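A.B. asks: Provided below are the primary sequence and the corresponding predicted coordinates.
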Amino acid sequence: MTLRLTNTFSGAKEAFAPLDTNRVGLYVCGVTVYDDCHIGHARAAVAFDTLVRYLRHRGFHLTYVRNFTDIDDKILNRAAQEGVDWTQISRRYVEAYYRDMNPLGLVRPDVEPRATDHIPDMLQLIERLVEKGYAYAAGGNVFFAIEKFPAYGRLSGKNIDELIAGARVEPSEEKRNPLDFALWKAAKPGEPSWPSPWGPGRPGWHIECSAMSMKYLGESFDLHGGGRDLIFPHHENEIAQSEAATGRPFARMFIHNGFVNIRSEKMSKSEGNIIALKDIYRHFTPEALRLYLLSTHYASPLDYSDDNLRQAEQRTFRVYKLLSTVRPDLSPPPDALDAELTRFNDVMDDDLNTPAALALIAGRFDALASDLHATGRPRPLDAIALARAAILAMGAPLGLFQADPQDYFARVTQLHLTQIGLTAAAIEERIAERTQARSAKDWARADRIRADLKAQGVALEDAKDRTTWRVDL
RNA sequence: GGCGCGGUAGCCAAGUGGUAAGGCGGCAGUCUGCAAAACUGCUACACAUCGGUUCAAUUCCGAUCCGCGCCUCCA
């Protein structure tokens, strides 16, 4: 089977056939750095990270580019609010991006271009558009004339006349058409600016992605991605300005991830229902979040729920617990994994069906658990080795289950102890107390201690010779 | 208003022209002082509604209802 992906141009799954199998290009619209990352950013990042991992798993030689928008109205507004230089804001939130996103185990893009490092590239592109008659200068601004580009609306399926009729855009005196968009914005007093043939100013939002994607991936490349909300106008405008300038097709496939909703409503600044990653991480491990995000297909809406995230944490815990019980020296015969991976590839080839892939992992999990608990028969070591290897091999393109189980346990335990305000020493003390009660057969007292700890979020497990504890997820 | 997406068991969530993965939950068993964990088995009247096409539809087509998104910054 070949990989099929939903292409926004057609709305249908299409076979992924790169221009050149030796050099597949993917450009993903990153973030504007003016605030902390939220769970929606995480979803987009994980979706495209999975695409990257899977493409490489399938043998494609991929160049992955993801930008930072580091000059923008929102950044300037925030700087003005705080009374600091705008570069402080952009620098701070690039750092915040890595702080929030690195824990998710994201593959680092090959290139992470920043808009402000590419002003000359953008100016060149704008000049080309002006020369070709697709853009016009007005009052120090430069606008793209959408009526010069007949294919405008092709990605988003919008009809230009209807857009104009229903445009909520304030008609600007400088724009010939209300839908024309800024390639270059004249500097207002006090704003940062760069020199240009049209006077000092700064780039419009869309031009950076055209300039940077084509610079690193070529004028035509394979894949371009981002959140659904970028379809219009951002990606529509990128296509228009890029194809107008080069006369060649821009990205061949557009891939868009669905939103994270809160109680069925879109999470957004204006709704005030943003869930920041740093807040999630106070309660859950990044890997559980990743598993949670992958349990829904990337293009579908995902209704955020604490409870489902907790289930993902429990699931992660169980998988690591099982993996940690397998002897580390066991390994399967060389080609034994092929059949497993074929099944995995088949479901992932179908538009990255991660829920189905997770079901396959669940199947291997059950087999492994069952074999490890084999009673009345010799432990099937080959099957055990194979099942574990399969879980790890299928987990790799998903970015799951690759950590050292002990590291995961340490992290999740520390997280919860911090939350509930208990220390390991305090728990051990209570256990010692209870062990005494138990040897005295004072079951009431022993059970009370156990119930107390349970109420605080610590579960006790009595083994033959000793009592262990774990955080109650 | 224009364009688009979705409605699958208690919850989450795949999928298919021939009565439907997986997870969570629930129930029972083994184990245990009792539990928990783990394993084993079981569980569910699930495919929004109404028509149509078809030998056969949850899967295709149409309509209806409901929910959501984009059209303005937004992952």
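C.D. replies: Ah, there it is.

A.B. asks: Check which helices and strands the helix or strand in which residue A:437 is found sits against.
C.D. replies: Residue A:437 is part of helix A:424-439 when elements are defined by DSSP states H and E. Counting contacts by 3 or more Cβ pairs under 8 Å, 6 or more residues apart in numbering; DSSP states H and E, helix A:424-439 is packed against helix A:443-456, strand A:458-462, strand A:467-471. (Each C-beta comes from the backbone N, C-alpha and C, glycine too.)

A.B. asks: who does the last one pair up with?
C.D. replies: Meaning strand A:467-471. strand A:458-462 (antiparallel) (DSSP bridges).

A.B. asks: between the helix holding residue A:437 and helix A:443-456, how big is the angle?
C.D. replies: Put simply, helix A:424-439 runs at 160 degrees to helix A:443-456, going by axes from the mean of the first three to the mean of the last three Cα atoms, to 10 degrees.

A.B. asks: among the helices and strands packed on helix A:424-439, which is nearest residue A:129?
C.D. replies: strand A:467-471 (58.1 Å; Cβ to Cβ).

A.B. asks: which parts of the closest one are buried?
C.D. replies: Residues of strand A:467-471 classed as buried by neighbour count (16 or more other Cβ atoms under 10 Å): A:467, A:469, A:471.

A.B. asks: Could you pull up the contacting residues of the nearest residue to the first one once chain neighbours are set aside?
C.D. replies: Distance criterion Cβ to Cβ, 6 or more residues apart in numbering; nearest residue to residue A:467, sequence neighbours excluded, is residue A:431 at 5.2 Å. For residue A:431, the residues meeting the contact criterion (Cβ atoms under 8 Å, 6 or more residues apart in numbering) are A:460, A:467, A:469.

A.B. asks: which among those gets closest to RNA strand B?
C.D. replies: residue A:460 (5.5 Å; Cβ to the nearest atom of the strand).

A.B. asks: Do me a favour and get the backbone dihedrals for the closest residue to RNA strand B within chain A.
C.D. replies: Nearest residue of chain A to RNA strand B: residue A:227, at 2.1 Å (Cβ to the nearest atom of the strand). Residue A:227 adopts backbone torsions of phi -70, psi 160, taken as degrees, to the nearest 10.

A.B. asks: In JSON lines: the helices and strands packed on helix A:424-439, plus mean pLDDT and distance to residue A:318.
C.D. replies: What follows is the helices and strands packed on helix A:424-439, written out as JSON lines (pLDDT from 0 to 100; distance: least, Cβ to Cβ, whole Å):
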{"stretch": "helix A:443-456", "mean pLDDT": "96", "distance to residue A:318": "19"}
{"stretch": "strand A:458-462", "mean pLDDT": "96", "distance to residue A:318": "14"}
{"stretch": "strand A:467-471", "mean pLDDT": "96", "distance to residue A:318": "11"}
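
A.B. asks: Would you tell me which of these gets closest to residue A:102?
C.D. replies: strand A:467-471 (23.7 Å).

A.B. asks: So what's the gap between the lowest-mean-pLDDT helix or strand in chain A and the chain middle?
C.D. replies: Here the helix or strand of chain A ranked lowest by mean pLDDT, DSSP states H and E is helix A:160-165, holding a mean of 76. The chain centre lies 34 Å from the centre of helix A:160-165; the measure is Cα atoms, centre = their mean, to the nearest Å.

A.B. asks: Buried by neighbour count: which residues of that helix qualify?
C.D. replies: residue A:163.

A.B. asks: State the paired neighbours of the helix or strand that that helix is followed by in the sheet, together with their directions.
C.D. replies: Remark: after helix A:160-165, the chain's next helix or strand is strand A:181-186, criterion DSSP H and E. Here strand A:181-186 is paired, per DSSP bridges, with strand A:141-144 (antiparallel), strand A:201-203 (antiparallel).

A.B. asks: coming back round to it: okay, the residue nearest to residue A:467: pLDDT?
C.D. replies: pLDDT recorded at residue A:431 is 97.

A.B. asks: where along the stretch 201-350 of chain A do the helices fall?
C.D. replies: Counting by DSSP state H, counting those that start in this stretch, the stretch 201-350 of chain A has helices at residues A:205-217, A:236-246, A:277-280, A:286-294, A:306-324, A:338-349.

A.B. asks: do you know how far residue A:187 is from residue A:132?
C.D. replies: Distance, residue A:187 to residue A:132, using Cβ to Cβ, to the nearest Å: 25 Å.

A.B. asks: Double-check that residue A:103 belongs to a helix.
C.D. replies: Yes: Residue A:103 forms part of a helix when assessed by DSSP: H, G, I helix; E, B strand; the rest coil.

A.B. asks: How many residues are close by it?
C.D. replies: 19 (other Cβ atoms under 10 Å).

A.B. asks: which residue sits closest to it in space, ignoring its chain neighbours?
C.D. replies: Nearest one to residue A:103, counting by Cβ to Cβ, 6+ apart, is residue A:286 at 3.8 Å.

A.B. asks: Who are the contact partners of residue A:12?
C.D. replies: Listed by Cβ under 8 Å, 6+ apart, the contact set of residue A:12 reads residue A:6.

A.B. asks: Quickly list what it is bridged to.
C.D. replies: residue A:7.

A.B. asks: Next, give phi and psi for residue A:38.
C.D. replies: According to degrees, to the nearest 10, residue A:38 has phi -120, psi -180.

A.B. asks: Is it in contact with residue A:271, as I believe?
C.D. replies: No: in this structure residue A:38 lies outside contact range of residue A:271 using Cβ atoms under 8 Å: 11.8 Å.

A.B. asks: Settle it for me: which of the two has more neighbours?
C.D. replies: Using other Cβ under 10 Å as the criterion, residue A:38 and residue A:271 rank with residue A:38 on top: 21 against 10.

A.B. asks: Stretch A:326-334: which residues count as buried?
C.D. replies: Those would be A:326, A:332, for stretch A:326-334 by 16+ other Cβ under 10 Å.

A.B. asks: Thank you, goodbye.
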